[in-house]
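Chemist: Sequence below, structure please.
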Amino acid sequence: MESKIPIDNYLLSIILYANLTTCDHLGKTSEHPIYISLGNILSWQRNKPNSKVLVSYLPKLKVKDNAMKNSELFQKLQRQVFQRYLQILLSLILNQNDMHFVVKNEVCPFTPKISVILADLTEAVTFTTTYLPSISKRPCCFCLISNEDLNNMMLNNVDLRTLKKMKEAIDINRANELSIHTNFNFFWKFVDFNIYEATVLDRMHMLDLGITKYLLEFT
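Modeler: Numbering: from 1, shown residues only. Below you'll find the predicted structure:
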């Protein structure tokens, strides 16, 4: 990526973090915040509260009843709203070639690029427009492993998801086979960015759910 930006610029690593958050003790109110941090700073500093910025909350769509909430039309509309929201939110950052910061008393030009998106499984499938793992033949947002091979410890070759493969699958009507929605994905417009590779699971969330402990015991 550094070879593709202006020669006098530094690369600014943008880290996005999204997770559904409960706002009260009764669990009746929840919001969906998106945070931004920078990969250019050290991990111990990046983990401090003042190194993260709350950018916005995801928009909510209200429904009259559960039948409408569970309908395919409503879920499709949710995906469209989410991608449109990302386009509005991130275009201001990603369309800039120069962002100037004062570093050690010197003004330095940076070119911002998204490097990592931290999310749990629910948010990961939303960013990548893939099926939920519970209804998916290929439940991983990163690769194309089938659900029948998830516990295959002898698996050698894993086919990874790429923008080219997903677009080709949609063009030849194989989207369902690869467990991907045909909705427009905002990140597809960036040819030098792989949304499937950049979206990684929030390890702390997996620890909190007890998934990591289960995986260790299973192995």
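
Chemist: tell me the average confidence for the helix ranked longest in the chain?
Modeler: Ranked by residue count under DSSP state H, the longest helix found in the chain is helix 72-94. The average pLDDT for helix 72-94 rounds to 86.

Chemist: What residues sit buried inside it?
Modeler: In terms of neighbour count (16 or more other C-beta atoms under 10 Å), helix 72-94 has its buried residues at Q78, R79, F82, Q83, Y85, L86, L89, L90, L94. Every C-beta, even on glycine, is put in place using the N, C-alpha and C of the backbone.

Chemist: just checking, what packs against it?
Modeler: strand 106-119 (3 or more C-beta pairs under 8 Å, 6 or more residues apart in numbering; DSSP states H and E).

Chemist: Residues contacting the helix or strand just after the strand it packs on, please?
Modeler: Per DSSP states H and E, the first helix or strand lying C-terminal to strand 106-119 is helix 121-128. Residues outside helix 121-128 that contact it (C-beta atoms under 8 Å, 6 or more residues apart in numbering): 18-20, 79, 82, 117, 119, 130-133, 141, 161, 180, 185, 187, 195-196, 199, 201.

Chemist: can you give me how far helix 121-128 is from the chain middle?
Modeler: Centroid separation between helix 121-128 and its chain, computed with C-alpha atoms, centre = their mean, to the nearest Å, is 6 Å.

Chemist: For the helix or strand that it is followed by, name the packing helices and strands.
Modeler: Following helix 121-128 in sequence order, the next helix or strand is helix 163-171 (DSSP H and E). Secondary-structure packing of helix 163-171 (3+ C-beta pairs under 8 Å, 6+ apart): helix 195-198.

Chemist: Flag every buried residue along the helix it packs on.
Modeler: I195, Y196, A198.

Chemist: Relative to I36, how far out is the first one?
Modeler: Remark: distance between I195 and I36 (C-beta to C-beta, to the nearest Å) = 17 Å.

Chemist: now swap in the second one and tell me
Modeler: As judged by C-beta to C-beta, Y196 and I36 stand 21 Å apart.

Chemist: Could you do L216 as well?
Modeler: Taking C-beta to C-beta, one finds L216 at 32 Å from I36.

Chemist: higher neighbour count, these two?
Modeler: Higher neighbour count among L216 and I36: I36, with 17 against 8, using other C-beta atoms under 10 Å.

Chemist: Now do the phi/psi pair for the more buried one.
Modeler: The phi and psi values for I36, taken as degrees, to the nearest 10, are phi -130, psi 140.

Chemist: Repeat that for E31.
Modeler: According to degrees, to the nearest 10, E31 has phi -130, psi 170.

Chemist: just checking, it touches P59?
Modeler: No: counting by C-beta atoms under 8 Å, E31 does not reach P59; the two are 10.7 Å apart.

Chemist: What separates the first and last residues of stretch 91-109, distance-wise?
Modeler: Using C-alpha to C-alpha, to the nearest Å, the end-to-end distance of stretch 91-109 comes to 19 Å.
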